[in-house]
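*Asks:* Pasting the sequence and the predicted model now:
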Amino acid sequence: MTVYNFSAGPAVLPKPVLEKAQAELVNYQGSEMSVMEMSHRSSLYDQIIKDAEQLLRELMAIPDNYKVLFLQGGASLQFSMIPLNLAVGKKALYVNTGAWAKKAISAAKAVAGVDVEVIASSEDQNFTYIPEITKEMIDQDAAYVHITTNETIGGIAFQTIPDVGDVPIVADMSSNILANDYNVEDFGLIYAGAQKNIGPSGVTVVIIREDLLNEEPIFSPMLDFAVQAANDSLYNTPPTYAIYIAKLVFEWLKELGGTQEILKQDRDKAQLLYDAIDASQLFKSPVNQADRSITNIPFITGDEALDKKFNQEALAQGFQNLKGHRSVGGMRASLYNAFPKEGVEALVAFMKKFEEENGER
């Protein structure tokens, strides 16, 4: 039985990457050492982390005046680290688009000296759309405007980045980094947990414009962007193996043709599933059509018992991790860069069969 992994994260990795990692597992480039047991100060590892940064810069067209950091603690640590570095004594503006935005807002409110203001929200319609954001809504003295470019749980995404004037945009891009056509220069800071489109869990990418690095040190060097940047992400032992896998993923993506090629493939995969949902008399999307994510696609029948039956039968057929997040129920297909088109085709065929057997007659 073929297994297709629809997990929202940790998520499917490219098979060629896993095979290369397997081949190099116990003897990396003739060193007779695994990357897992290699000193992060060694010349071999220094090349790995430098290559990872350079590849990411190429893939995302990151300008020279941005620092690229490989940090620990997941995107969840960034919820606190960002206001701590950028907004103490200032106002921080947030857009509430769902579960992850809410967590970022809650964490920012817990940082002493930060004035958090929610300027827009889609909670009134259960986070099924992206609220409008205009320049007139933005206090130009604010430290930043925080957005979540793609809500993993709710399945909504920013199709374009709003104009907020001169205030830096800070973006949680965890679930659609390397799967969009955004311009890095439109952001002051981008952060993303790796375990969706970059690699295994354990490393978080932060891309920060140099003028946003704090001039005065904060109480913890580990939480200080300026310290991490000055030490090239090597202030302490980084998540070495996760960064190595990320480098392999970046190489794989570059060989495929880069972000524009993978974005085309991602859009094609998503359209297959959305077309099936829209044509169905049983399944439906709860998301406003203009704001649909191409990486996380929730769908429902409207009947909890039928959703449960679908998830049970799908699992028996090898469709792993299709069950929707516990907070929303239903189903959710996460179609990250490494997820194969064949898996979407198989899911669509299964959905049609399920509808024939369980739909209204």
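*Replies:* Yes, it's here. Residues are numbered from 1 along each chain as shown.

*Asks:* Please make it C-alpha for all contacts and neighbour counts, starting now.
*Replies:* Will do.

*Asks:* quick one, what contacts residue 292?
*Replies:* Applying Cα atoms under 8 Å, 6 or more residues apart in numbering to residue 292 gives the contacts 155-157.

*Asks:* Inside strands: which ones of the residues you listed?
*Replies:* Judged by DSSP state E, the subset of the contacts of residue 292 located in strands is 156-157.

*Asks:* now the contacts of residue 292 in TSV, with pLDDT and neighbour count?
*Replies:* TSV is the format used below for those (pLDDT from 0 to 100; neighbours: other Cα atoms under 10 Å):
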residue	pLDDT	neighbour count
155	97	28
156	98	30
157	98	24
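
*Asks:* Of the contacts of residue 292, which is the nearest to residue 129?
*Replies:* Of all the contacts of residue 292, residue 129 sits closest to residue 156, with 6.3 Å by Cα to Cα.

*Asks:* Contact partners for that closest one?
*Replies:* Contact analysis of residue 156 by Cα under 8 Å, 6+ apart lists 127-130, 150, 287-288, 291-293, 296.

*Asks:* go on, residue 202?
*Replies:* For residue 202, the contacting residues are 72-74, 193-195, 239, 242, by Cα under 8 Å, 6+ apart.

*Asks:* gap between it and residue 131?
*Replies:* Separation of residue 202 from residue 131 (Cα to Cα, to the nearest Å): 32 Å.

*Asks:* Phi first, then psi, for the spatially closest residue to residue 112 that is not a sequence neighbour.
*Replies:* Once flanking residues are discounted, residue 112 sits nearest to residue 88: 7.1 Å by Cα to Cα, 6 or more residues apart in numbering. Main-chain dihedrals, residue 88, degrees, to the nearest 10: phi -70, psi 130.

*Asks:* what's the distance between residue 31 and residue 41?
*Replies:* 15 Å.

*Asks:* Residue 97 too?
*Replies:* On the measure of Cα to Cα, residue 97 and residue 41 end up 41 Å apart.

*Asks:* who has more neighbours, these two?
*Replies:* Comparing residue 97 with residue 41 by other Cα atoms under 10 Å, the one with more neighbours is residue 97, at 27 against 10.

*Asks:* thought the more buried one was touching residue 121?
*Replies:* Yes - the pair residue 97 / residue 121 is scored as a contact, 5.9 Å apart, by Cα atoms under 8 Å.

*Asks:* Can you pull the residues that touch both of the two?
*Replies:* Common contacts of residue 97 and residue 121 (Cα under 8 Å, 6+ apart): 127, 130-131.

*Asks:* Among these, which one lies nearest to residue 262?
*Replies:* Checking those against residue 262 with Cα to Cα, the nearest one is residue 130 at 24.0 Å.

*Asks:* Run through the bridge partners of residue 71.
*Replies:* Using DSSP bridges, the bridge partners assigned to residue 71 are residue 204.

*Asks:* for the stretch 201-350 of the chain, what spans make up the strands?
*Replies:* 204-209, 296-299, 319-320, 331-334 (DSSP state E, counting those that start in this stretch).

*Asks:* Relative to residue 177, which of these is closest?
*Replies:* strand 204-209 (9.8 Å).

*Asks:* Include neighbour count, secondary structure and pLDDT when you put the shared contacts of residue 97 and residue 121 into CSV, please.
*Replies:* Output for the shared contacts of residue 97 and residue 121, formatted as CSV (neighbours: other Cα atoms under 10 Å; DSSP: H, G, I helix; E, B strand; the rest coil; pLDDT from 0 to 100):
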residue, neighbour count, secondary structure, pLDDT
127, 22, coil, 96
130, 26, coil, 98
131, 17, coil, 98
